[in-house]
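Enquirer: I need the structure of the sequence given here:
(chains A, B, C and D)
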Protein chains: 2
Amino acid sequence: MTDTAPQRRARPRTKRPPTILDVAAHAGVSRGTVSRVLQGGHNVSPASQEAVHAAIRKLGYVVNRAARSLVTQRAGSVAFLLSEPQERFFEDPNFTTLLRGCTTALAEHDLPLILITAGTEAERRRIAPFLSAHHVDGVLLVSSHRGNPMIDHLRQANLPFVCCGKPLGERDAVSYVAANDREGARAMVRYLLESGRKRVATIAGPRDTPGGLERLDGYREMLTEHGIAFDKRLVAVGDYSRASGEACMQQLLTKAPDVDAVFVASDLMADGALAAIERAGLRVPDDIAVGGFDDSPVATAARPPLTTIRQPWNRISEMMVRQLLAQIDGEGPATVILPTELVVRESA
Amino acid sequence: MTDTAPQRRARPRTKRPPTILDVAAHAGVSRGTVSRVLQGGHNVSPASQEAVHAAIRKLGYVVNRAARSLVTQRAGSVAFLLSEPQERFFEDPNFTTLLRGCTTALAEHDLPLILITAGTEAERRRIAPFLSAHHVDGVLLVSSHRGNPMIDHLRQANLPFVCCGKPLGERDAVSYVAANDREGARAMVRYLLESGRKRVATIAGPRDTPGGLERLDGYREMLTEHGIAFDKRLVAVGDYSRASGEACMQQLLTKAPDVDAVFVASDLMADGALAAIERAGLRVPDDIAVGGFDDSPVATAARPPLTTIRQPWNRISEMMVRQLLAQIDGEGPATVILPTELVVRESA
DNA sequence: ATCACTACTGTGAACGTGCACAGTCCAGCA
DNA sequence: TGCTGGACTGTGCACGTTCACAGTAGTGAT
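Expert: So this is what the prediction gives:
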């Protein structure tokens, strides 16, 4: 999106769709009145309103968004900006769930969602002018890693945005919506301990992501509350991918063979952990209990199905959209933390 | 998207971005010359071109897409229209792979991708005016089921579109891009037979999808070519979901306990089949060989990893975009069939 | 009767761009 | 010298909408 590139040649102007002027003529009123009806019908007589609506129906009139944008200085659309390496996004069912939620939430406000990926620095440079030029009214930003340059860019472009998950390393106020990672982790570890497990390990997420930090914190907190000393041999750090979950589990089994439970910071990694445990000839949950995080489709597909922490994706996407619209309407940034829920299945 | 709904209130007009007029003034030329440079620079002196480019860089000028759309009668964007039940889409990694490919392919042409879901009849009615009004220049249509009303609607709206996979039950010419399902199925069944398997079953896709039909045809063909009579007890029909794969496999094991191989029409179903086989106390591939289809991320994550048929998603998305752009430029519909590839892993 | 106020309606002026057209300049040629 | 054609440039108009403003009619209070 260099945004100085030319557009393809104009399409021939055959059978043009009806304009607001056609509607006005049909309804026997003026442009202005039709426009007012379109805006909600304030200060328009019921008779005129009905006439306009009838004309709209009869002609199949649809407002021209380009013309409207031109005068309102609004794009009338919102970007879903994915500032993560693409592979990770498209492998992770959480993201697609989020994308789905945002699409439907925006649809209710008649706002098209523009999907933009910017995993690499080159891509970010490419889309920068697109965003600066306000070709969208706001951005739903998915980017969990610390210090994403996109945030500065958006702020500088004065473009409203809402992050999914708390952005790390930001000094100024930033709007974000997140699940309560720490509380979720605490709930899972509490459950494992109260099920009688003694040596509870964890596979954490990357240290530069909020999920990686907060879920690990929750794990440590709950151990402490149960009077258990923290043992760093029981901690492995993955990158949320299935492969890393498998590698971490293998590592844990080597360093701490007596482990009898593991809290994994994502379902995808937990599924990988299951594979490692199986290969080691151990059984789940008999020998080792496995607790995941997310309650993504992976959790139900895993064998055995994963006991996990549900992230309320529907509400997350809903709130992200709501916050974004509020910001577009001039409100300041806000923070929303949503509760999680323990889902018990067979793995723990 | 009723598309008669009002837009939110206009944003205050502070600090307006530079227009083509500002660029012209800075470069010491007229609007027209700047416009010509933007369109490729034909009939513009090198000196003027350089001056314009310098002004653009200096001012950070970005073309106003709304204004351009208004005059060119072009939206400057393309829709990715998902006319499937949403759950299926977002569970199936194939679709997300396709979405990713289309996003990047379109990005190279500076075309934003607008994601639209229309799984239900109500949603279809909602987006119809949006499409009829040409708020996008074309549509990448994902809809495998027979007789999708969206196709008629798009044709009637005179909106270019390209389907992913051959749309069934269409009498007139429709642009589509698909992998060679039949050939892929043949390759897999040939591989199974040549590996020494004698009783090769299949789990097919729904009969109202091209993949369901053609892959089953390929299966039958290859059996015939090997002088094996078709046995309907060896055929089960699923719906591409993991759960249905599991159920179908269970059913096959009951009806034909001597089965020693199964060709499954999707990786997701194959993963389900693995679960059923495991529960039956059988081993893969020792007792039963399992062949999948797609080579989606599921294939490598499965235990054991799936031998499967790779669909060339990158090329599919690339060709879909290319065909769509060609149609937008006035060319007629075209059909592209791409070859598949056998990927041997551990399940067969 | 006059005034003020409200409810409603029409009109002109943008918004920023691309395109068609007209115009200028200069080189090449008869 | 005058003519022709090509290269380059500037200008008016149109695209379809919203917004601010002005204007009209009707109502109730004085």
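Enquirer: moving C-terminal of the helix or strand bottoming out on mean pLDDT in chain A, what's the next helix or strand?
Expert: Every helix and strand of chain A was ranked by mean pLDDT, DSSP states H and E. The lowest is helix A:86-91, at a mean of 66. Per DSSP states H and E, the first helix or strand lying C-terminal to helix A:86-91 is helix A:93-107.
Enquirer: what's that next one packed up against?
Expert: In terms of contacts (3 or more Cβ pairs under 8 Å, 6 or more residues apart in numbering or on different chains; DSSP states H and E), helix A:93-107 is packed against strand A:78-82, strand A:113-117, strand A:138-142, helix A:297-301, helix A:313-328, helix B:86-91, strand B:113-117. Using the backbone N, CA and C atoms, a C-beta is placed for each residue, glycine as well.
Enquirer: now do 6 Å
Expert: Applying 3 or more Cβ pairs under 6 Å, 6 or more residues apart in numbering or on different chains; DSSP states H and E, we find helix A:93-107 packed against helix A:313-328, helix B:86-91.
Enquirer: distance to B:Ile328 added to the ones you listed, as JSON lines?
Expert: Listed next are the helices and strands packed on helix A:93-107 as JSON lines, based on distance: least, Cβ to Cβ, whole Å:
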{"stretch": "helix A:313-328", "distance to B:Ile328": "31"}
{"stretch": "helix B:86-91", "distance to B:Ile328": "25"}
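Enquirer: tell me which of these sits most buried.
Expert: Ranked by mean neighbour count, the helices and strands packed on helix A:93-107 are led by helix A:313-328 with a mean of 21 (mean count of other Cβ atoms under 10 Å in any protein chain shown).
Enquirer: name the next helix or strand downstream of that one, please.
Expert: With elements assigned by DSSP H and E, the helix or strand that comes after helix A:313-328 is strand A:335-338.
Enquirer: isn't A:Leu154 up against A:Cys163?
Expert: No - A:Leu154 lies out of contact with A:Cys163 (Cβ atoms under 6 Å); the separation is 9.8 Å.
Enquirer: neighbour count winner among those two?
Expert: Shown here are A:Leu154 and A:Cys163; by other Cβ atoms under 10 Å in any protein chain shown, A:Cys163 has more neighbours (29 against 23).
Enquirer: helices or strands up against the helix or strand where the more buried one lies?
Expert: A:Cys163 is part of strand A:161-164, with elements assigned from DSSP H and E. For strand A:161-164, the packing partners by 3+ Cβ pairs under 6 Å, 6+ apart come out as strand A:138-142, helix A:313-328.
Enquirer: I'd like those as JSON lines, with distance to DNA strand C appended.
Expert: Shown next, in JSON lines, are those (distance: least, Cβ to the nearest atom of the strand, whole Å):
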{"stretch": "strand A:138-142", "distance to DNA strand C": "20"}
{"stretch": "helix A:313-328", "distance to DNA strand C": "19"}
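Enquirer: could you dump the ones you listed to a markdown table with mean pLDDT?
Expert: Output for the helices and strands packed on strand A:161-164, formatted as a markdown table (pLDDT from 0 to 100):
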| stretch | mean pLDDT |
| --- | --- |
| strand A:138-142 | 96 |
| helix A:313-328 | 96 |
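Enquirer: of these, which is nearest chain B?
Expert: Evaluated with Cβ to the nearest Cβ, the helices and strands packed on strand A:161-164 place helix A:313-328 nearest to chain B, the distance being 6.6 Å.
Enquirer: look up phi and psi at the residue in the stretch 101-250 of chain A that DNA strand D sits nearest to.
Expert: Using Cβ to the nearest atom of the strand, the single residue of the stretch 101-250 of chain A nearest to DNA strand D is A:Asp110, 12.1 Å away. For A:Asp110, the backbone dihedrals (degrees, to the nearest 10) come out as phi 60, psi 30.
Enquirer: okay, it and DNA strand C: tell me how far apart.
Expert: Taking Cβ to the nearest atom of the strand, to the nearest Å as the measure, A:Asp110 falls 20 Å from DNA strand C.
Enquirer: pLDDT score assigned to that residue?
Expert: pLDDT recorded at A:Asp110 is 91.
Enquirer: can you check A:Asp137 too?
Expert: The predicted local confidence for A:Asp137 is 96.
Enquirer: same question for A:Arg11.
Expert: 43.
Enquirer: got it, and the one 5 residues further on?
Expert: A:Arg16 carries a pLDDT value of 80.
Enquirer: which residue is the nearest non-sequential neighbour of it?
Expert: B:Gln73 (8.0 Å; Cβ to Cβ, 6 or more residues apart in numbering or on different chains).
Enquirer: count of residues packed around the residue in the stretch 201-348 of chain A that DNA strand D sits nearest to?
Expert: Sorted by distance to DNA strand D under Cβ to the nearest atom of the strand, the residues of the stretch 201-348 of chain A start with A:Asp329, at 12.9 Å. Other residues lying near A:Asp329 total 11 when counted by other Cβ under 10 Å.
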